[in-house]
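Asker: after the sequence you'll find the predicted model.
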Amino acid sequence: MDEVSLDILDSGTIHARAEVGRQLCKVGTLDHLPRLLRAAREDGSPGVRLYAICAVADILSRHRVGPNAEQLTPEAREKLFVEARGIDPGFNAGVFSVLANLGLPLAARRILVGVRDPRLDVRTGALVGLTRYLTSADGANDLATRAELVSMLEDARVRPDALARVTKLAACCGWQEARKPIERLLGREDQVAESAQQALDWLTAAAEPATLFGVWVSDGRDATEIRPALGALSALVISRDQLIEISGATAKATTLTRVEPTRLVLKGGATLDLRRMVLTAPETEREGPAFQLRQVTWFAATTAETHAAIDVLVDAHPAVNLSAETLAVIRQAVGDGAGGRRAVAQLDLRTGRYAEAKDALEQLIEGKRPTPELWLWLGIAKEALGDVEGARAAWTEVTQRATKKSPALADALRRLGSTADPSAPPS
């Protein structure tokens, strides 16, 4: 995209000035901060002020954790805190998200004050900021703010709209110590009771190790980091006895001796600590289970994301040795669609589960528009099971169905021991 000109903030129309802030939300840099902060304080349009302050917050979100965090020194963060603190939240409530993404405990105290503000727009802005502060991987270390938020659950001075949001936020962060205060909110007759029930459901799910079993994906972003998607996703497959890490075109299996609600215990005794959460996934806007590991946020994979991860496992060299537990998790994750069952059949074939592969492939062949590859793989499974005649029949079927340029045809002819030209048309 073309470079965004800050000069528009001086002379452009309201729409053009707002568009500058909107674009810089995703592509802005630290160099843009001073001018954006001035627009957030001084522009005559509330919409422009809001877009400008959101751009500041989103730029800072890209410098909170990971290698980019080093670009913003503690001194620079404190200077920005002083400047942001000078913006009246009644004039621009988006300032709380700026404070949140500075990653300073001192800034969190200021946000907590806003949660108790009598003005609805200020409370709303503060709650958005508090969510961004606490759900970041960096926010997991602020135990004082965590304790303060949990104490709000029993503070009669907190207004119902704020209490409902705080209740869900405590559960989104996976704080099991909030369970008892939240249970006491169930008897209310306002919006808080509904939020309390949802929060308890989330906490109950996060307390079960089995809810970790599945396929998880990440593009490396922090939980509330705003930037363009990076493209390729990394994936994790977690089962009762294995952790499969998928990155790019490679995959690695690690044996697990135990899976706890917030910890994976590896063979040899090493552990991986997880922060169980409920978050809104980037791009899709799906709210659902998530966790943070090594400052990276992982979301439950969609069906398409699961299939992409399994495709890597199918093609991985060397082949990854998948346990029966892991294969069961994958079968559950891919669902009943033909694409998922096809991928699982390939995994069964690669991992020596020939009987399972044979059964799955025969079912797929009975479905709509079976491809020649299915007969090729069926022949491989049958040969491994000792059914040489059945294998040759399956490969012969490939020669009758595949196009002359199909790799499956060349492979089938090779397995049949044919000297025919693989480029010849199928008989």
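Answerer: That came in fine, so what should we check first? Quick caveat: nothing in here was measured; it's all calculated off a predicted structure.
Asker: when you work out contacts or count neighbours from here on, use the C-alpha atoms and nothing else.
Answerer: Fine.
Asker: just the strands in the protein please.
Answerer: Assigned by DSSP state E, the chain shows strands spanning 214-218, 234-238, 242-247, 250-260, 263-266, 271-273, 275-280, 287-293, 296-300.
Asker: residue 316 is nearest to which of those?
Answerer: Proximity to residue 316 (CA to CA) singles out strand 250-260 among the strands of the chain, at 5.9 Å.
Asker: domains in the chain, as residue ranges please.
Answerer: The chain breaks down into these domains under automatic domain parsing: 8-207, 208-313.
Asker: find the centremost residue of the chain, please.
Answerer: The structure's the chain has its C-alpha centroid closest to residue 299; by CA atoms, centre = their mean the separation is 2.9 Å.
Asker: tell me the phi and psi of residue 213?
Answerer: Per-residue torsions, residue 213: phi -70, psi 120 (degrees, to the nearest 10).
Asker: mind pulling the model confidence for residue 230?
Answerer: pLDDT for residue 230: 67.
Asker: one step back: lowest average pLDDT across the domains of the chain?
Answerer: Per-stretch mean pLDDT for the domains of the chain is lowest at domain 208-313 (a mean of 91).
Asker: skipping its backbone neighbours, what lies nearest residue 276 in space?
Answerer: residue 291 (4.5 Å; CA to CA, 6 or more residues apart in numbering).
Asker: residue contacts, the nearest residue to residue 65 once chain neighbours are set aside?
Answerer: Among residues not flanking residue 65 along the chain, residue 138 sits closest, at 6.5 Å (CA to CA, 6+ apart). Residues near residue 138 by CA atoms under 8 Å, 6 or more residues apart in numbering: 64-65, 103, 295.
Asker: how far away is residue 138 from residue 217?
Answerer: 20 Å (CA to CA, to the nearest Å).
Asker: output the contacts of residue 138 in a markdown table; the columns should cover distance to residue 349 and neighbour count.
Answerer: Shown next, in a markdown table, are the contacts of residue 138 (distance: CA to CA, whole Å; neighbours: other CA atoms under 10 Å):
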| residue | distance to residue 349 | neighbour count |
| --- | --- | --- |
| 64 | 44 | 24 |
| 65 | 41 | 20 |
| 103 | 49 | 27 |
| 295 | 36 | 19 |
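Asker: distance to residue 261 added to these, as CSV?
Answerer: Shown next, in CSV, are those (distance: CA to CA, whole Å):
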residue, distance to residue 261
64, 27
65, 24
103, 27
295, 18
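Asker: helices - which of those land there?
Answerer: Among these, none falls in helices (DSSP state H).
Asker: name the residues that touch stretch 249-259?
Answerer: 209, 240-246, 264-267, 312-313, 315-317, 320-322.
Asker: how about that stretch: buried residues?
Answerer: Of all the residues in stretch 249-259, those buried under the rule 16 or more other CA atoms under 10 Å are 250-253, 255-256, 258-259.
Asker: same question for stretch 167-187.
Answerer: So stretch 167-187, judged by 16+ other CA under 10 Å, has buried residues 167-175, 178-179, 181-182, 185-186.
Asker: try stretch 359-366
Answerer: In stretch 359-366, the ones that count as buried by 16+ other CA under 10 Å are 360-361, 364-365.
Asker: could those residues be laid out in JSON lines, adding pLDDT and distance to residue 28?
Answerer: Converted to JSON lines, the buried residues of stretch 359-366 look like this (pLDDT from 0 to 100; distance: CA to CA, whole Å):
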{"residue": "360", "pLDDT": "92", "distance to residue 28": "50"}
{"residue": "361", "pLDDT": "95", "distance to residue 28": "51"}
{"residue": "364", "pLDDT": "94", "distance to residue 28": "50"}
{"residue": "365", "pLDDT": "95", "distance to residue 28": "52"}
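Asker: what's the farthest-apart pair in the residues you listed?
Answerer: 360 and 365 (8.8 Å).
Asker: just to revisit the earlier point, quick one: which of the buried residues of stretch 167-187 is nearest residue 132?
Answerer: Scanning these for proximity to residue 132, where the rule is CA to CA, the winner is residue 169, at 10.2 Å.
Asker: run a quick neighbour tally on the closest residue to that closest one other than its chain neighbours.
Answerer: Leaving aside its chain neighbours, residue 169 sits nearest to residue 131 (6.7 Å; criterion: CA to CA, 6+ apart). Neighbours of residue 131 under the rule other CA atoms under 10 Å: 22.
Asker: just checking, residue 131 touches residue 168?
Answerer: No. With contact defined as CA atoms under 8 Å, residue 131 does not count as touching residue 168 (10.0 Å).
Asker: so how far is residue 371 from the residue nearest to the centre of the chain?
Answerer: Residue 299 is 33 Å from residue 371, by CA to CA.
Asker: hang on, isn't residue 276 packed against residue 176?
Answerer: No. Counting by CA under 8 Å, residue 276 does not reach residue 176; the two are 10.1 Å apart.
Asker: residues contacting the closest residue to residue 303 other than its chain neighbours?
Answerer: Using CA to CA, 6+ apart and skipping residues adjacent in sequence, the residue nearest residue 303 is residue 334, 6.2 Å away. Residues counted as contacts of residue 334 (CA under 8 Å, 6+ apart) are 303, 306-307, 340-341.
Asker: okay, now the closest residue to the residue nearest to the centre of the chain other than its chain neighbours: neighbour count?
Answerer: Nearest non-adjacent residue to residue 299, counting by CA to CA, 6+ apart: residue 290, 4.5 Å away. Residues contacting residue 290 under the criterion other CA under 10 Å number 27.
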